[in-house]
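>>> Requesting a structural model of the entry that follows:
(chains A and B)
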There are 2 protein chains.
Amino acid sequence: MKTEPHQTASHGHLVIIGGHEDRKHDKEILTRFVELSGGENARIVVITAASKIADEMWDVYDRAFGELGVRQCAHLSLASRQDANDEEKVRMVAEADGIFMTGGDQKRLLAIIGGTTLDAEMHTALKVRGACIGGTSAGASAMSGHMLAQGKTDLLPEKGAVSLGAGLGFVHKVVIDQHFSERQRLARLLSVVAQNPYLMGIGIDEDTALVVERGRGIEVLGEGSVTVVDGRTMNTNMADIREHATPELIDVRLHLLPAGSRYYLPEDGDTDAKPMPRSLQDFLENVTKRNPIS
Amino acid sequence: MKTEPHQTASHGHLVIIGGHEDRKHDKEILTRFVELSGGENARIVVITAASKIADEMWDVYDRAFGELGVRQCAHLSLASRQDANDEEKVRMVAEADGIFMTGGDQKRLLAIIGGTTLDAEMHTALKVRGACIGGTSAGASAMSGHMLAQGKTDLLPEKGAVSLGAGLGFVHKVVIDQHFSERQRLARLLSVVAQNPYLMGIGIDEDTALVVERGRGIEVLGEGSVTVVDGRTMNTNMADIREHATPELIDVRLHLLPAGSRYYLPEDGDTDAKPMPRSLQDFLENVTKRNPIS
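Numbering: from 1, shown residues only, chains lettered A, B, ... in the order given. Predicted structure coming up:
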């Protein structure tokens, strides 16, 4: 039986998770992902292509979503780009209300799905049908247009230590890192921002999600915080120093958004809206696509 | 033989060290401390009162300064406040060109010397005679008027986790933390700044020194960096959250000053001075006392 593509009233959501979200107990983040996908009747597909142990990953999420009452949850197993252009696989995305990308390696995920028909169908799902796209760990980093691909720093930011790749582009002008506080990755994120000042760095803690509602606002869920590093007004000597040296960074803006934080852009005619610091409003307008940073 | 108080041409320097400065090999930081104190002929005293193993501390620095050619280096051993008001001990400070405070516990140091005649004589040494005051680890934290006394955070900033005490006050409107990158103390420093927005947070890495020349400028020496956290333009919900919760922080300014950085305020008539970002100039004017933040 063929089902028709599903159209919701939603603006489309991203659930960007910093890894190690709870899958066994209260499942706060996965519960929200299911709700934003339409609840127990949502059709959910799980993309495991980032992982080399795709079947084990699927088992974990099959059980978790099952425990949350989801009736239609399917493994979208993609071993190759051929798979990601396969008509039947693409139809699974076209008919999905929620698309979830597991952890693994974001480079592997992009090598398999980047630029395929399935990739395009995911954009349609989000932007045209208002579906929900979730991703954890590698699946989170993969969501931005410029993707943190690999690299690590010692204690301090370092020139040339981190490399970017082309990500899926559900959000632009940002770069997303995960396991952020747990793996002490601020130096890594500052390394990226120092070299690429128009990318705002987003660092998401474990068991923590940045939920983006397109055109509306953002929310932070879970146990940790989301750190935003804005280098647009920064001064740096990055261009002049040698590889692996520590750059001077002056006037980086840092925001810490703990779980429970909600920020919504004022609607037309919404005169009660709480005034918002300018730099946070810029961030919101960009990630929600209300007014992307050019 | 009594020597007269020494008067130098210097504006007075602070050498604020993040702990674990090299004492055995090139001794870059201790070498600079000796130079700023006047070189091999300088009279140097070592205050070990922060430490419970004062004699062992003294042995370390006696050897290190000896290897640097210092001829007159003395242990200023202070076991009590009586010692810190003792005429002979105070005279040792009055005649010193360089005063060095070892690590240990800054609360112990302040309990012994805070508000004593010796404390006052240290201020005279710095401000009137242009002496050099160095401090490492606890001896660094002790230098500010508001002193980071104790407390730690887990991965994220936390309300009520860190307590301040009254420090020696060689610099004001700042709070100094040490072993900064090595012990991942940004969350601790942000906890202080979130609660005390007019204190700029200064985090100094190990084997790294922030050298302050009063009225002139600053320099970063050694192996790591100095991190400055400026919360003056920050928005936060700190006042409204419960104890131990993570605060929302919006628009914290962060500066990373790697070793080798030098920033000097323009002198009168100095038309070649490189323009400096406003927030860095504020920081400089404050720590150098050219124009302390009110």
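>>> Briefly note if stretch A:152-171 comes near chain B.
Yes: judged by CB under 8 Å from any CB of the partner chain, stretch A:152-171 comes into contact with chain B through A:155-157. From N, CA and C alone the C-beta is placed, and that goes for glycine too.
>>> Go through the residues you listed and say which is closest to chain B.
Taking CB to the nearest CB as the measure, chain B sits nearest to residue A:155 out of the residues of stretch A:152-171 next to chain B, at 3.8 Å.
>>> Surely that closest one touches residue B:182?
Yes: if you go by CB atoms under 8 Å, residue A:155 and residue B:182 touch, sitting 6.4 Å apart.
>>> Looking at the stretch 1-150 of chain A, which residue is nearest chain B?
When scored by CB to the nearest CB, the stretch 1-150 of chain A has residue A:18 as its residue closest to chain B, at 11.6 Å.
>>> Could you give the bridge partners of the nearest residue to that residue once chain neighbours are set aside?
Excluding its sequence neighbours, the residue lying closest to residue A:18 (CB to CB, 6 or more residues apart in numbering or on different chains) is residue A:204, at 3.3 Å. Here residue A:204 sits in beta bridges with residue A:226, going by DSSP bridges.
>>> Just list the residues touching residue A:204, thanks.
When the contact criterion is CB atoms under 8 Å, 6 or more residues apart in numbering or on different chains, the partners of residue A:204 are A:16-19, A:140, A:176-178, A:180, A:210, A:224, A:226.
>>> same deal with residue A:185?
Residue A:185 is in contact with A:177, A:179, A:203, counting by CB under 8 Å, 6+ apart.
>>> Which elements pack onto whichever strand in chain A runs longest?
Among the elements of type strand in chain A, defined by DSSP state E, the one spanning the most residues is strand A:249-258. Contacting strand A:249-258 under the criterion 3 or more CB pairs under 8 Å, 6 or more residues apart in numbering or on different chains; DSSP states H and E are the following elements: helix A:186-195, strand A:225-230, strand A:235-236, helix A:278-287, strand B:249-258, helix B:278-287.
>>> Relative to it, what are the paired strands and their orientations?
Taking DSSP bridges as the criterion, strand A:249-258 sits next to strand A:225-230 (antiparallel), strand A:235-236 (antiparallel), strand B:249-258 (antiparallel) in its sheet.
>>> Buried residues, the next helix or strand after that strand. List them.
Next along the chain after strand A:249-258, taking DSSP states H and E as the criterion, comes strand A:262-264. When burial is assessed from 16 or more other CB atoms under 10 Å in any protein chain shown, strand A:262-264 yields the following buried residues: A:263-264.
>>> Could you look up the SS state of residue A:89?
Look at residue A:89: counting by DSSP: H, G, I helix; E, B strand; the rest coil, its state is helix.
>>> Thought residue A:81 was touching it, still the case?
No: because the distance of 11.0 Å does not satisfy CB under 8 Å, residue A:89 is recorded as not touching residue A:81.
>>> Which one's more surrounded, those two?
More crowded of residue A:89 and residue A:81, by other CB atoms under 10 Å in any protein chain shown: residue A:89, with 22 against 16.
>>> Point me to the helix or strand that includes the residue nearest to residue A:58 when sequence neighbours are not counted.
Counting by CB to CB, 6+ apart, residue A:58 lies nearest to residue A:75, which is 4.3 Å off, once chain neighbours are set aside. Counting by DSSP H and E, the element that carries residue A:75 is strand A:72-76.
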